[in-house]
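Trainee: Need the 3D shape of this:
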Amino acid sequence: MTVNKQIVLASRPEGAPVRENFNFVEAPLPEPEAGQVLVRTLYLSVDPYMRGRMKDTKSYAPPYALNEVIKGGTIGQVVESSEPNLRKGDLVTGMWGWQQYAAVNTGDLALIDTDEAPITAYLGALGLTGLTAYFGMEDIGKPKDGETVVVSGAAGAVGMIAGQIGKIVGAHVVGIAGSDEKCAYLKDKLGFDVVLNYKTEQDMSAAIEKACPNGVDVYFDNVGGDISDAVLRHINRNARIPLCGQISSYNLEKPDIGMRPQTLLLTNTALMKGFLLGDYTKSFKEGRAKLAKWIKEGKLQYEENIVEGFERTPEAFMGLFSGDNLGKQLVKVADPE
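Mentor: Below is the predicted model of the structure:
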């Protein structure tokens, strides 16, 4: 192999992303420099936050540059190394993004232990999404036995982990999802106490009130918009609201205008806090160990939707915004050797 196929951002989406926003290009196979190894991509991640980085606006991370590789979570196998800490054949995870090969600094890679969990878990339950749920719940949500936890986007990769963490500590967990199939999965397989289909509920506020007779102590917010407005009307005193995502507004060209939450937060002495996974880098090892322990104990389950073929990456990404995925959305690029 002498050619590296890559996917670059061809244009910035206006509204929902479309196939024309992405270009497939070919580049020479990269040659690793000192301190680098050559990695062959096996799996890559597509995530809602990437849509925000496609906008040319100020945010928590720089926007993707046009005509450059789209960066994101990736799993690969080392195919060339002169570094003592990584050998040919090692499985690693990093952020080299949507390309078949990359020369990556060894300090930007983490080894994968397939005895701990299946390889793909390192992009999901033990990767960015699982860690996001863990730190959002552990550091901000802090659910307690007997409290009520509501999770929006509950059938997504982050939401289903966040909800299960609530169940592990003994909370009453209410999930919100967008299809009967997803609702059944959350209730029957993952043990959520109540699951609401926001597409069929006529009055979300009334549905939340019925599902949460004791009010809402923790709201793990993945979606924003009207759904979050409905949940916030039922928060309890000293409620905690980890603000993880706002997928309902990612494709909007104009700011979303809705209910102003300040009065509810003030009168209920509630905490609403946005957070970024990068704030917890020093605690990744601790968080991953805790998640792995729960998986081994059978307390934590996860779901993956794996799309086969590098060429289908844009479609896998676009499917996030039409609700195609249950759990973590991945693209399989190649098999390990």
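
Trainee: and after the lowest-mean-pLDDT helix or strand in the chain, which helix or strand comes next?
Mentor: When each helix and strand of the chain is scored by mean pLDDT, DSSP states H and E, helix 49-53 comes last, with a mean of 91. Using DSSP states H and E, the helix or strand that follows helix 49-53 in sequence is strand 74-81.

Trainee: returning to that earlier point: figure out how far the least confident helix or strand of the chain is from the centre of its chain.
Mentor: Computed by Cα atoms, centre = their mean, to the nearest Å, the chain-centroid distance of helix 49-53 equals 11 Å.

Trainee: Now it - C-alpha only, PDB.
Mentor: Provided in PDB are the C-alpha atoms of helix 49-53 (Å, rounded to 0.1, in the frame of the first residue of the first chain):
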ATOM      1  CA  TYR A  49     -19.900  17.000  18.400                       C
ATOM      2  CA  MET A  50     -18.100  16.900  15.000                       C
ATOM      3  CA  ARG A  51     -21.000  18.900  13.500                       C
ATOM      4  CA  GLY A  52     -20.200  21.800  15.700                       C
ATOM      5  CA  ARG A  53     -16.600  21.800  14.600                       C
END
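
Trainee: Name the residues that touch it?
Mentor: Contacts to helix 49-53, defined as Cβ atoms under 8 Å, 6 or more residues apart in numbering, come from residues 13, 17, 59, 61-64, 70, 72, 245, 250-251, 317, 320-321. From N, CA and C alone the C-beta is placed, and that goes for glycine too.

Trainee: swap in stretch 125-139?
Mentor: Stretch 125-139 has contacts (Cβ under 8 Å, 6+ apart) with 45, 47, 73, 93, 116-117, 121, 123-124, 143, 156-159, 161-162, 165-166, 218, 220, 242, 244, 275, 277, 279-280, 283-284, 287-288, 290-292, 295, 300, 302, 328.

Trainee: swap in stretch 275-286?
Mentor: For stretch 275-286, contacts defined as Cβ under 8 Å, 6+ apart pick out 60, 128, 131-132, 135-136, 139-140, 242-244, 287.

Trainee: what's the closest non-adjacent residue to the residue most central in space within the chain?
Mentor: Geometric centre of the chain, nearest residue: Thr129, 3.9 Å, by Cα atoms, centre = their mean. For Thr129, ignoring the flanking residues on the chain, the nearest one in space by Cβ to Cβ, 6 or more residues apart in numbering is Ala157 at 3.9 Å.

Trainee: burial of the one you found, as a residue count?
Mentor: 32 (other Cβ atoms under 10 Å).

Trainee: From what I see, it and Gly327 are in contact.
Mentor: Yes: contact criterion Cβ atoms under 8 Å: Ala157 and Gly327 qualify, at 5.4 Å.

Trainee: Mind listing the shared neighbours of these two?
Mentor: Residues touching both Ala157 and Gly327 (Cβ under 8 Å, 6+ apart): 124, 302.

Trainee: low-scoring stretches of this protein, by residue?
Mentor: Within the chain, the ranges that satisfy pLDDT under 70 run 1, 248-253.

Trainee: who are the neighbours in contact with Tyr122?
Mentor: Taking Cβ under 8 Å, 6+ apart, one finds 75, 93, 110, 112 in contact with Tyr122.

Trainee: Swap in 10 Å and give it another go.
Mentor: 43, 45, 73-75, 91-93, 110-114, 116, 128, 130, 288 (Cβ atoms under 10 Å, 6 or more residues apart in numbering).
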